[in-house]
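A.B. asks: kindly return the folded structure for what I paste below:
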Amino acid sequence: MAASSPSAVPDVLGPGLACVFVGINPGRVSAAAAAHFANPRNDFWRLLHEAGFTPRLYEPQEQFALLELGLGVTNAAYRTTPGSGDLRRRDFDAARLDLLARELTPRVLAFVGKEAYRGAFGDRPELGPQLRSIGSTGVYVLPSTSPANAAVPYGERLRWFRALREWMEPEEREAVRGLVLDADGRVLLVRYEHPVSGDAWWATVGGGVDPGESDEAALRRELREEAGLVEFEIGPVVYRREHTFPWARRLLHQRERFHLVRVEAHEPTPTIDVAAEGVTDVRWWTRDELGAPPETVVPDDLLEIVRANDR
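C.D. replies: The predicted structure is shown next:
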């Protein structure tokens, strides 16, 4: 779809795309063609094809055909300039990119050039996957495909495009979580905070199942480490969930199984340094708090799950 914007080059965007490529801004050739990366000396379309994103070499005017492949294109700044060096800090709109990621939920935002990323977020990145993410969207930085970036050989650029395509396929991860309820019907939750974006959310206690580890062993380990809970019986699986998310420069597709765990009472006290895992708090939540949470709670239907498991 073409979003209305002050740019002569329309956004190529849609919901749920695998990857949205983010250029720095339209150059004069692209503005005249109303197409992204239209300069014939720009290697973007050639790299896209040779890295396996497109089945053939696309012309810039075919940009909307990318949507059928789960791909999109936008720019970090809308203003057309003779060169990216003519841009100013105010030309970049990080809030727009944040909104784009949260509303359209692409799997990845791939910035085409370090300067596109730096203009948006203000810090200098390394190439490759970033610690920064936006909601469920991972962030990746590619070399610039501009002819002005001649210092980076074509083969090196192609290597990074191929690495992106490989990284975009999420790692499969098994996980187990505890729906821990006390005698008052409260549920035990932990608070996660992203180290770069500051996004925060609350979730049930749990985590990944290590290779060769049983669900029971993993859940007992997680409840002991994150909440100091040792004496309990593990009940049946009451909920299952699959989701894809970025964490620590990895893209994970996680299959979660929620086991019901009932305890009379417990004062949650972690037994490890949970801050290293992004956990900032662990406490009991009442039904009223779940009904009007001050911060995000996942899954978003947790209150219904708790109610379905009333005694």
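A.B. asks: who's the residue nearest the centre of the chain bridged to?
C.D. replies: Closest residue to the average C-alpha location of the chain: Thr137 at 2.4 Å, with C-alpha atoms, centre = their mean. Assessed by DSSP bridges, Thr137 has beta-bridge partners Ile134.
A.B. asks: OK, contacts around it?
C.D. replies: Going by C-beta atoms under 8 Å, 6 or more residues apart in numbering, Thr137 touches Ala101, Arg102, Thr105, Pro106, Arg107, Val108, Leu109, Pro246. In this view, the C-beta of every residue, glycine as well, is placed from N, C-alpha and C.
A.B. asks: out of those, who's the most crowded?
C.D. replies: Leu109 (28 neighbours; other C-beta atoms under 10 Å).
A.B. asks: quick one: strands adjacent to whichever strand or helix holds that residue?
C.D. replies: For Leu109, the host element (DSSP states H and E) is strand 108-112. Strand pairing for strand 108-112, using DSSP bridges, gives strand 19-23 (parallel), strand 137-142 (parallel).
A.B. asks: can you tell me the closest non-neighbouring residue to Phe111?
C.D. replies: Leaving aside its sequence neighbours, Phe111 sits nearest to Tyr117 (C-beta to C-beta, 6 or more residues apart in numbering; 4.1 Å).
A.B. asks: tell me the domain ranges of the chain?
C.D. replies: 19-167, 171-308 (automatic domain parsing).
A.B. asks: quote the end-to-end distance of the first one.
C.D. replies: Using C-alpha to C-alpha, to the nearest Å, the end-to-end distance of domain 19-167 comes out at 11 Å.
A.B. asks: before we move on, back to that, need the contacts of Thr137 in TSV with distance to Pro236 and pLDDT, can you?
C.D. replies: Shown next, in TSV, are those (distance: C-beta to C-beta, whole Å; pLDDT from 0 to 100):
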residue	distance to Pro236	pLDDT
Ala101	36	97
Arg102	35	95
Thr105	32	97
Pro106	36	98
Arg107	33	98
Val108	36	98
Leu109	39	98
Pro246	31	95
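A.B. asks: returning to that earlier point: so who does the residue nearest to Phe111 touch?
C.D. replies: The neighbours of Tyr117, taking C-beta under 8 Å, 6+ apart as the test, are Val22, Ala76, Phe111, Pro125, Gln130, Val139, Val141.
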